[in-house]
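Peer 1: Sequence first, then the predicted structure, then my questions.
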Amino acid sequence: MPAYDFTRRTRRQSDPDVVVVGAGAAGLAAARALTGHGLTVQVLETTGRIGGRMATREVDGFRLDHGSHLLNTAFPELRRRLDLDRLDLRPLAPGVLVHSGGRRYRAGDPQLTTARQAATRTPFGSPLDKARLGSWLSRLAATPASRLLARPETTAARALTERGLPARTVDGVLRPLLGALLSDPALGTSSRVADLVLRSYARGRLCLPAGGIAAVPAQLAAALPAGTVRLGVRVTSIAADGVETANHGRIGAQAVVIATDAPSAAELMPGLRLPAFHPVTTYYHAADRTPMNEPVLLLEGDRTGSGPPLVSHSLVLSELHPSYAPAGQALIATTVLGRRGFDSGGAAGLEPAVRARLAELYGTSTTGWEFLSVRHVPDAVPAMPPPHNFRRPVRVLAGLYVCGDHRDTSSVQGALVSGRRAADAVLRDLGLPVAGREAEVAA
Ligand SMILES: Cc1cc2nc3c(=O)[nH]c(=O)nc-3n(C[C@H](O)[C@H](O)[C@H](O)COP(=O)(O)OP(=O)(O)OC[C@H]3O[C@@H](n4cnc5c(N)ncnc54)[C@H](O)[C@@H]3O)c2cc1C
């Protein structure tokens, strides 16, 4: 029995059953779940492309994401909603390389045996400390998410000091790793989110699609009936029975799902919580020779003063898949986190300093590197300070729903889960069967 009588609403024949506002991962996931139940859906997207924050551009033969992303094969919703084989996921090398004191050290490979962990030479603790980190990560991988969510919640920075690991291991490996994975160098993120992120890290492999991050929304969109997504349509106001658009008039519907980024959602629905954001700045360089012969995440382990380091992490994307760069060229993506004083030159003004630091990180001259591009995204990743609500309500009222990474966790996983939750709420209100169980919490 439907919870609300939708039949009372007046609709034109061309109106869809459901309007979804925004063609990012959340909106596309919601649309896919709804069309899968036979509903007609229109996804209205203000820009000229799908994918939202997950975008990729080809520039002179280089494949540049709109800000460097990392996926994890352990994201449960990614596995559930996408055909990972067709996505052609390319795994990063296991573990990370941490740059510290002018040298690079391999660390944090949960797949290494405890004995091999202990045998690796790093300044991040005694052999016993390294073995401890290995078994700690293995234990985390095996811990049910529900147990991690039951732990007392504080900031990630604080929790790291309370996990019984030596300070050198925490400062040398876990802080830079978590800072990179959370886009939060100060580690003010909820410790529960941090535990789940490290659990995913320990269970899966960091990876990227060979075709760039845009391959994820592209696959979601490809599964929708033709004509479902309408580009260049900006929604200006919403109601439970339809939306007004800037140039395409009113579109009526039985239900409206707002699947925009948080600031746009708050504009459409004043009063909606607006989170703070972690900015992400990505520098792309081309080199004639690869500075690293494997696709490994290179972390900056040295801190200058009390603030976070200039560079958070760097990765040679052309080592992940050759199609990221033209033949004979290497593509290097480097991430700077936080609100940097970019001076008058903007993010590009900082490039010489970033390039100089990269020379030290990779242990090679970078003077011949070509600066291809920089992407500065101020509202990249919604902050998740404690207490973090992993399942913010997606149903505003019967007929009106909201999803996006700001409703779950600030990641592709969170965006996909929120889209499905919103679709489930629509289906319930329409009296249609909702398949499956509650999505597993992960980050
Ligand atoms: C630089 C960067 C790095 C990141 N790194 C990672 C990472 O390593 N791992 C990870 O998991 N996640 C990462 N993320 C986060 C991840 O990209 C997001 O969590 C995810 O893409 C959010 O999807 P979404 O659908 O919720 O929102 P969005 O992708 O923001 O989609 C919202 C869509 O709504 C549209 N829209 C807005 N207003 C309107 C309107 N009025 N009318 C019509 N359409 C509208 C927008 O144009 C947009 O297309 C990163 C993000 C950035 C920017």
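Peer 2: Received the coordinates, thanks. In this text, all values refer to a predicted model and were calculated from it rather than measured experimentally.
Peer 1: After the lowest-mean-pLDDT helix or strand in the chain, which helix or strand is next?
Peer 2: In the chain, no helix or strand scores lower on mean pLDDT, DSSP states H and E than helix 114-119, which sits at a mean of 59. With elements assigned by DSSP states H and E, the helix or strand that comes after helix 114-119 is helix 127-142.
Peer 1: So what touches the helix or strand that comes right after that following helix?
Peer 2: Using DSSP H and E, the helix or strand that follows helix 127-142 towards the C-terminus is helix 145-149. With contacts defined as Cβ atoms under 8 Å, 6 or more residues apart in numbering, helix 145-149 is touched by 140, 192, 195-196, 199, 390, 440-442. The C-beta positions use only the backbone N, C-alpha and C, and glycine is treated the same way.
Peer 1: What is the most widely separated pair among those residues?
Peer 2: 140 and 390 (17.5 Å; Cβ to Cβ).
Peer 1: Is the longest strand along the chain positioned near the ligand?
Peer 2: Counting residues, the longest strand found in the chain (DSSP state E) is strand 370-382. Yes - against the ligand, strand 370-382 shows contacts by Cβ under 6 Å from any ligand atom at 377, 380-381.
Peer 1: In CSV: these, plus neighbour count and distance to residue 21.
Peer 2: Converted to CSV, the residues of strand 370-382 next to the ligand look like this (neighbours: other Cβ atoms under 10 Å; distance: Cβ to Cβ, whole Å):
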residue, neighbour count, distance to residue 21
377, 17, 21
380, 20, 21
381, 23, 21
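Peer 1: what's the closest of these to residue 344?
Peer 2: Among the residues of strand 370-382 next to the ligand, residue 377 lies closest to residue 344 (Cβ to Cβ), at 20.0 Å.
Peer 1: For residue 254, see how far away that closest one is.
Peer 2: Counting by Cβ to Cβ, to the nearest Å, the gap from residue 377 to residue 254 is 35 Å.
Peer 1: can you check residue 371 too?
Peer 2: Residue 371 sits at a distance of 51 Å from residue 254 (criterion: Cβ to Cβ).
Peer 1: Between the two, tell me which one has more neighbours.
Peer 2: residue 254 (25 against 15; other Cβ atoms under 10 Å).
Peer 1: Verify the stated contact: the more buried one with residue 34.
Peer 2: No - between residue 254 and residue 34 there is no contact under Cβ atoms under 8 Å: 10.6 Å.
Peer 1: Can you check which residues contact both of these two?
Peer 2: 17-18.
Peer 1: what's the burial count for the residue lying closest to residue 321 once chain neighbours are set aside?
Peer 2: In this structure, residue 321 finds its nearest non-sequential neighbour in residue 210, 4.3 Å apart by Cβ to Cβ, 6 or more residues apart in numbering. Residue 210 is flanked by 16 other residues according to other Cβ under 10 Å.
Peer 1: now do residue 24
Peer 2: Number of residues near residue 24 (other Cβ under 10 Å) recorded here: 26.
Peer 1: Low-confidence ranges, this structure, go.
Peer 2: The chain contains residues with pLDDT under 70 at 1-11, 110-127, 305-306, 436-440.
Peer 1: chain center to the lengthiest helix in it: distance?
Peer 2: Using DSSP state H to define each element, the chain has its longest helix at helix 412-429. Distance of helix 412-429 from the chain centroid (Cα atoms, centre = their mean, to the nearest Å) equals 17 Å.
Peer 1: Stretch 14-33 too?
Peer 2: Taking Cα atoms, centre = their mean, one finds the center of stretch 14-33 at 20 Å from the center of the full chain.
Peer 1: Now do the longest strand of the chain: everything it contacts.
Peer 2: With contact meaning Cβ under 8 Å, 6+ apart, strand 370-382 is reached by 53, 59-60, 62, 64-67, 182-184, 261-263, 275-287, 331, 339, 342, 346-348, 351, 355, 405-406, 410-411.
Peer 1: and the angle from it to helix 412-429?
Peer 2: Using axes from the mean of the first three to the mean of the last three Cα atoms, to 10 degrees, the inter-axis angle of strand 370-382 relative to helix 412-429 is 40 degrees.
Peer 1: Pull out the buried positions in the helix or strand following strand 370-382.
Peer 2: Per DSSP H and E, the first helix or strand lying C-terminal to strand 370-382 is strand 395-397. Under the neighbour-count criterion of 16 or more other Cβ atoms under 10 Å, strand 395-397 has 395-396 buried.
Peer 1: So what are the sheet partners of strand 395-397 and their directions?
Peer 2: If you go by DSSP bridges, strand 395-397 pairs up with strand 400-402 (antiparallel).
Peer 1: The partner strand close to the ligand?
Peer 2: No - judged by Cβ under 6 Å from any ligand atom, strand 400-402 makes no contact with the ligand; its nearest approach is 10.4 Å.
Peer 1: From the chain's centroid, how far away is that strand?
Peer 2: Using Cα atoms, centre = their mean, the offset of strand 400-402 from its chain centre is 22 Å.
Peer 1: Isn't the residue nearest to residue 321 up against residue 322?
Peer 2: No - if you go by Cβ under 8 Å, residue 210 and residue 322 don't touch, sitting 9.2 Å apart.
Peer 1: how deep is the one residue in the stretch 101-250 of the chain that gets nearest to the ligand tucked in, by neighbour count?
Peer 2: Taking Cβ to the nearest ligand atom as the measure, the point where the stretch 101-250 of the chain comes nearest the ligand is residue 235, at 3.8 Å. Applying other Cβ under 10 Å, we find 24 residues neighbouring residue 235.
Peer 1: Run a quick check on it versus residue 42, I expect a contact.
Peer 2: No - using Cβ under 8 Å, residue 235 is not in contact with residue 42; the gap is 10.6 Å.
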